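Visitor: Structure for the following, please:
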Amino acid sequence: MHIMEGFLPPAHALGWSAASLPFVIWGLRSLQRSVQAQPEQRMLLGVSAAFAFLLSALKLPSVTGSCSHPTGVGLGAMLFGPAAMVPIALVVLLFQALLLAHGGLTTLGANLFSMGIVGPLVSYAVFRLARGVGLGRSGAVFLAACLGDLATYLCTSVQLAWAFPDPVGGVAASLLKFGGIFALTQIPLAISEGLLTVLVVNAMARFNAAELQGLSLFARRGVQA
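Guide: A predicted model of the protein is given here:
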């Protein structure tokens, strides 16, 4: 994730931006509906955005042209759904590119697709599935945040492999190389993000139980662990 400025070929950079645009429109509409229906949830939206910004700013060099770090998008995806996290991730990535030189403007579409679209979708789906089969809240939150993080990096590995196929083995061989290098740092980071997200959700359940119960995924089985 956070592929650096100018690293992708122009055609790939434009392609990922075009692929991300419909999701941005979808996310803006979803976010507008959520705020209009439950204006009291604005504080939790702010917490979700701050959580994503802080975690995804903690970068650890992994491979030329990219880096490993937590993503933080799983929390917001579980609270508000994956659509709401697309515009939030867009703002987070834009600020990081402009203020921290983390990522870039030409690679914004690619970074958004991996962290703001794929990651939240996987986190949301895993959380729903885990709760649906009866897994406790803490276990479901851990799996959702952890697997959403790993999905982001799998997507980034695909993006880089597609842009820079191996001269001999092609995209598949390149994917194995990028994925293998990322795995060294990303697996422990994903586990750490899962544990941290559990702590944050448990704190919310303790001090903001009413707000959590107003959210559909948490209201279904309550906010009990």
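Visitor: what about this structure, any weak spots by pLDDT?
Guide: 1, 60-67, 210-211, 213-214, 216-225 (pLDDT under 70).
Visitor: Tell me how many other residues surround residue 173.
Guide: Residues near residue 173, counting by other C-beta atoms under 10 Å, number 14. In short, each C-beta sits where N, CA and C put it, glycine included.
Visitor: what about residue 26, how many residues close to it?
Guide: Neighbour number of residue 26 under other C-beta under 10 Å is 16.
Visitor: Nearest spatial neighbour of it, chain-adjacent residues omitted?
Guide: The shortest distance from residue 26 to any non-neighbouring residue, by C-beta to C-beta, 6 or more residues apart in numbering, is to residue 83 (5.3 Å).
Visitor: Return the residues in contact with the one you found.
Guide: For residue 83, the contacting residues are 23, 26, 27, 29, 30, 31, by C-beta atoms under 8 Å, 6 or more residues apart in numbering.
Visitor: how close does residue 24 get to residue 85?
Guide: 11 Å (C-beta to C-beta, to the nearest Å).
Visitor: These two - which one has more neighbours?
Guide: residue 85 (37 against 19).
Visitor: Name all residues that make contact with the more buried one.
Guide: Contacts of residue 85 (C-beta under 8 Å, 6+ apart): 27, 48, 52, 73, 76, 77, 116, 119, 120.
Visitor: Try it again at 10 Å.
Guide: 23, 27, 30-31, 45, 48-49, 52, 71-79, 92, 115-117, 119-121, 123-124, 148 (C-beta atoms under 10 Å, 6 or more residues apart in numbering).
Visitor: With residue 51 instead?
Guide: Contacts of residue 51 were listed using C-beta under 10 Å, 6+ apart, and they are 70, 71, 72, 73, 74, 75, 76, 88, 92, 196, 197, 200.
Visitor: How is the second one assigned, secondary-structure-wise?
Guide: Each residue gets one of three states, and residue 71 gets coil by DSSP: H, G, I helix; E, B strand; the rest coil.
Visitor: what's the residue located most distally from the centre of the chain sitting at in phi/psi?
Guide: In the chain, residue 168 marks the outermost C-alpha relative to the chain mean, sitting 32.3 Å out by C-alpha atoms, centre = their mean. Phi and psi for residue 168, reported as degrees, to the nearest 10, are phi -100, psi -50.
Visitor: thinking again about what came up before, which neighbours do residue 24 and residue 85 have in common?
Guide: 116, 117.
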